[in-house]
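Asker: Fold the stuff below for me.
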Amino acid sequence: MVFPLLDGSDDMDWVELQVETAAPWTPAQVGLVETLIELVAQRMAVRAPEAEQRAHEELRLSVERFRSLMRQTSAGFFLFEFENPVSTAWSPEEQVDAFYREGVLVECNDAFARMYGLEDGRALAGARLVELHGGSNHPDNRAFLRACVENDYRVTGEVTEEVDREGHKFWLSNDIVGIVEDGHLVRVWGTQTDITDTKRAEEERDHLEAQLIRAQRIEAIGRLAAGIAHDLNNLLVPIIGSAELLREEGRSSDSRQLIDHVLHASQRARDLVRQLLAFGRKQTLKPQPVDLGEVVERFEPLLRRSIPDDVSLEVDRGEVMAVSADVGQIEQVLMNLVVNAAQAMPGGGNVSIEVGMASIDPRTFGAFPAIAPGPHVRLAVHDTGKGMDEVTKAQVFEPFFSTKGELGTGLGLATVHGIVRQHEGVIHVRSTPGEGTTFEVFFAPLAGTAAPIEAPVTPPRSETSGHILVVEDDDAVRVLTGTLLERLGYVAHVAANGVDALAQLDASPGTFDLILTDVVMPDMNGYQLYEEVRARHPDIAIMFMSGYADNVVAMGNLLDRGLQFIEKPFTLDVLERRVRGLLDASRRSPQPTSSRPHHSQASP
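Answerer: Residues are numbered from 1 along each chain as shown. Sure thing, here's the model as predicted:
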């Protein structure tokens with residue numbers, strides 16, 4: 001038996017009642033069933049709105065939870081739709097062009113808006129994709145969209161470079177899903193995470209790694225250059241000395257001209273060696289408190305004579321604190337920077353030198369080398385030349401790198417870099433193509449005042465007499481130095497090492513007035529010989545000679561202790577002045593004493 005099921009709506013359902021009995025239904029039984037059906041219908045009519053209401057409430061809560069998540073998360077949620085659907089049958093490039101042409105932002109959260117410089121996501125609604133990407137031609141962004149097409153409109157972790165409303169670049173990591181209907185892409189959902197800090201940290205790490213590699217490469221080349229320079233110095237001593245002896249003999253004018261050529265070439269070789277040593281930070285320094293402004297002022301006339309007439313030179317000298325520096329080396333820095341600036345302007349221009357105080361931020365210079373924050377003495381040289389690009393700037397201090405082709409040695413700025421580093425300073429270059437170049441050098445200031453800069457004065461000639469012991473393991477240097485001393489009127493003795501020297505001293509006590517010794521020698525180095533001589537023969541004057549600053553530093557900072565040093569290769573005039581000055585001084589005052597107690601027993 002079938003009964004209609006009425007719930008008060010326009011829809012009608014039916015209930016079929018099956019009873020397994022052969023007896024016919026009585027009117028009372030039929031009435032009872034009708035009553036039951038009516039009650040069921042009424043109950044269902046009551047429960048249907050409740051179920052619909054619960055479904056609506058669950059949908060509302062789900063939407064609210066989603067919107068709450070969108071508001072609270074730091075990730076950017078977005079929905080792009082296309083004004084005209086994009087056919088999936090088009091080529092990837094055609095689809096990418098359509099993304100930029102048709103893509104419109106329909107909805108996004110506040111986090112997404114903040115990535116583009118806005119606070120409210122509603123303010124960004126309606127923006128076009130081409131605006132958010134800063135154009136349609138960025139190769140990385142097009143590659144990202146192309147990857148989206150080629151991966152069925154699903155990508156994870158792809159990085160794009162974006163531009164905010166103020167034109168600032170930033171980087172996002174993207175996860176997106178495209179919705180395809182009837183062969184057309186109609187909308188794209190996705191999330192974006194701002195990875196700008198991570199990206200910049202990676203760039204900074206890469207920059208620091210490049211700095212470290214460059215510093216290690218320069219350091220290795222510097223050690224090689226200094227080692228070569230040390231050997232060249234020993235070769236130049238006999239060449240220069242022999243040529244000077246030949247010139248002193250008064251040969252014919254033709255012979256003297258040839259000898260002068262040899263001396264000129266030797267002096268150029270010596271200057272090249274000094275550049276190598278300066279680059280490798282192995283040159284011997286004679287630091288003193290100086291005013292860099294005074295150094296520039298005294299050196300300015302020579303600088304003007306060293307640059308072409310069509311290049312003007314301006315000097316801006318401010319008040320500065322004293323720095324510890326070797327005046328000769330600072331003059332070398334000035335000369336190299338000014339000449340380099342003039343050469344950067346073949347058609348003429350302006351070079352300006354600035355000296356003043358500056359407070360610096362170590363982050364300007366990266367991690368290599370480290371520099372303490374605070375006030376520093378700043379020396380800057382600026383030119384109005386064509387400037388340099390980033391690639392050139394990255395290599396400008398590397399040895400043998402030159403922008404002048406065959407006209408440059410590539411050692412000028414490398415030498416400056418080495419001298420500045422040896423003074424524990426930093427050098428920084430600022431340059432933009434078409435806007436000139438500025439080299440800035442910073443030195444830590446001293447608390448005291450600068451010492452007056454005085455030109456070296458040759459002491460009045462006195463009678464040259466005395467016995468001098470030359471201790472040198474290089475045969476040519478030893479023999480030639482002895483010959484030069486004899487030419488100057490001294491009695492020269494020679495020893496090939498420290499042990500031989502001590503044997504001669506002990507065998508003839510009271511004979512020797514001066515010992516001229518190399519620093520690095522086999523079996524017994526120069527400092528060990530010095531200690532033994534001070535203990536056994538304290539009245540003998542001692543002078544060290546070397547062409548390699550590390551030798552002096554390794555021997556106990558001899559210059560800081562007031563001991564005497566002559567740099568190889570030396571000329572006859574320099575040797576005469578230094579030896580005579582030391583002997584005259586030693587005859588007027590006692591020699592420095594050793595840090596060891598005196599004893600008379602010879603070492604085994």
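Asker: Mind checking what helix or strand follows the worst-scoring helix or strand of the chain on mean pLDDT in sequence?
Answerer: Least confident helix or strand, the chain: helix 549-554 with a mean of 48, by mean pLDDT, DSSP states H and E. Using DSSP states H and E, the helix or strand that directly follows helix 549-554 along the chain is strand 564-567.
Asker: Who are the packing partners of that following strand?
Answerer: Secondary-structure packing of strand 564-567 (3 or more C-beta pairs under 8 Å, 6 or more residues apart in numbering; DSSP states H and E): strand 541-546, helix 572-588. From N, CA and C alone the C-beta is placed, and that goes for glycine too.
Asker: Could you rerun that using 10 Å?
Answerer: In this structure, strand 564-567 packs against helix 253-279, strand 514-518, strand 541-546, helix 549-554, helix 572-588, with contacts taken as 3 or more C-beta pairs under 10 Å, 6 or more residues apart in numbering; DSSP states H and E.
Asker: Would you format those as TSV with mean neighbour count included?
Answerer: Shown next, in TSV, are those (neighbours: other C-beta atoms under 10 Å):
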stretch	mean neighbour count
helix 253-279	17
strand 514-518	24
strand 541-546	23
helix 549-554	20
helix 572-588	16
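Asker: and these, which one is worst for confidence?
Answerer: Sorting the helices and strands packed on strand 564-567 by mean pLDDT places helix 549-554 lowest, at a mean of 48.
Asker: Quick check, pLDDT for residue 304.
Answerer: Note on residue 304: pLDDT of 88.
Asker: quick one: it and residue 313 touch, right?
Answerer: Yes - Residue 304 is within contact range of residue 313, at 5.5 Å (criterion: C-beta atoms under 10 Å).
Asker: Spit out the residues that contact the two alike.
Answerer: 338, 351 (C-beta atoms under 10 Å, 6 or more residues apart in numbering).
Asker: Give me the neighbour count for residue 111.
Answerer: Residue 111 has 21 neighbours, counted by other C-beta atoms under 10 Å.
Asker: How confident is the prediction for it, by pLDDT?
Answerer: Note for residue 111: predicted pLDDT of 87.
Asker: same question, the one 10 residues further on
Answerer: You'll see residue 121 listed with a pLDDT of 85.
Asker: ok, now the one 10 residues further on?
Answerer: Model confidence at residue 131, given as pLDDT, is 85.
Asker: which SS state does it fall under?
Answerer: Put simply, residue 131 is helix when judged by DSSP: H, G, I helix; E, B strand; the rest coil.
Asker: hmm, back to that, just put the helices and strands packed on strand 564-567 in TSV and tack on distance to residue 208.
Answerer: What follows is these, written out as TSV (distance: least, C-beta to C-beta, whole Å):
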stretch	distance to residue 208
helix 253-279	23
strand 514-518	41
strand 541-546	36
helix 549-554	28
helix 572-588	44
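Asker: among the ones you listed, which is nearest residue 477?
Answerer: strand 514-518 (7.7 Å; C-beta to C-beta).
Asker: partners of the closest one in the sheet?
Answerer: Looking at strand 514-518 with DSSP bridges, its partner strands are strand 467-471 (parallel), strand 541-546 (parallel).
Asker: mind listing what residue 97 touches?
Answerer: Neighbouring residues of residue 97 by C-beta under 10 Å, 6+ apart: 86, 90-91, 136, 142, 145.
Asker: May I see the buried residues of the helix or strand hosting it?
Answerer: Here residue 97 sits within helix 92-102, counting by DSSP H and E. In terms of neighbour count (16 or more other C-beta atoms under 10 Å), helix 92-102 has its buried residues at 95-100, 102.
Asker: what is the mean pLDDT for that helix?
Answerer: pLDDT averaged over helix 92-102 equals 92, rounded to a whole number.
Asker: Which strands and helices lie in contact with the helix or strand just after it?
Answerer: Using DSSP H and E, the helix or strand that follows helix 92-102 towards the C-terminus is strand 103-108. Secondary-structure packing of strand 103-108 (3+ C-beta pairs under 10 Å, 6+ apart): strand 76-87, helix 121-124, helix 129-132, strand 184-194.
Asker: In a markdown table: these, plus distance to residue 341.
Answerer: Shown next, in a markdown table, are those (distance: least, C-beta to C-beta, whole Å):
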| stretch | distance to residue 341 |
| --- | --- |
| strand 76-87 | 49 |
| helix 121-124 | 50 |
| helix 129-132 | 45 |
| strand 184-194 | 43 |
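Asker: need these in CSV with distance to residue 532 and mean neighbour count, can you?
Answerer: Shown next, in CSV, are the helices and strands packed on strand 103-108 (distance: least, C-beta to C-beta, whole Å; neighbours: other C-beta atoms under 10 Å):
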stretch, distance to residue 532, mean neighbour count
strand 76-87, 78, 18
helix 121-124, 84, 18
helix 129-132, 80, 18
strand 184-194, 70, 18
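Asker: Out of these, flag the one nearest residue 263.
Answerer: Per C-beta to C-beta, nearest to residue 263 of the helices and strands packed on strand 103-108: strand 184-194, 68.4 Å.
Asker: And residue 517, how close does it get to residue 505?
Answerer: 11 Å (C-beta to C-beta, to the nearest Å).
Asker: overlap in contacts of those two?
Answerer: Here residue 517 and residue 505 have 469, 495, 529, 533 as joint contacts, going by C-beta under 10 Å, 6+ apart.
Asker: Could you tell me which of the residues you listed are located in helices?
Answerer: In helices, judged by DSSP state H, the following of the shared contacts of residue 517 and residue 505 are found: 529, 533.
Asker: State the pair within the shared contacts of residue 517 and residue 505 that is farthest apart.
Answerer: 495 and 533 (11.8 Å).
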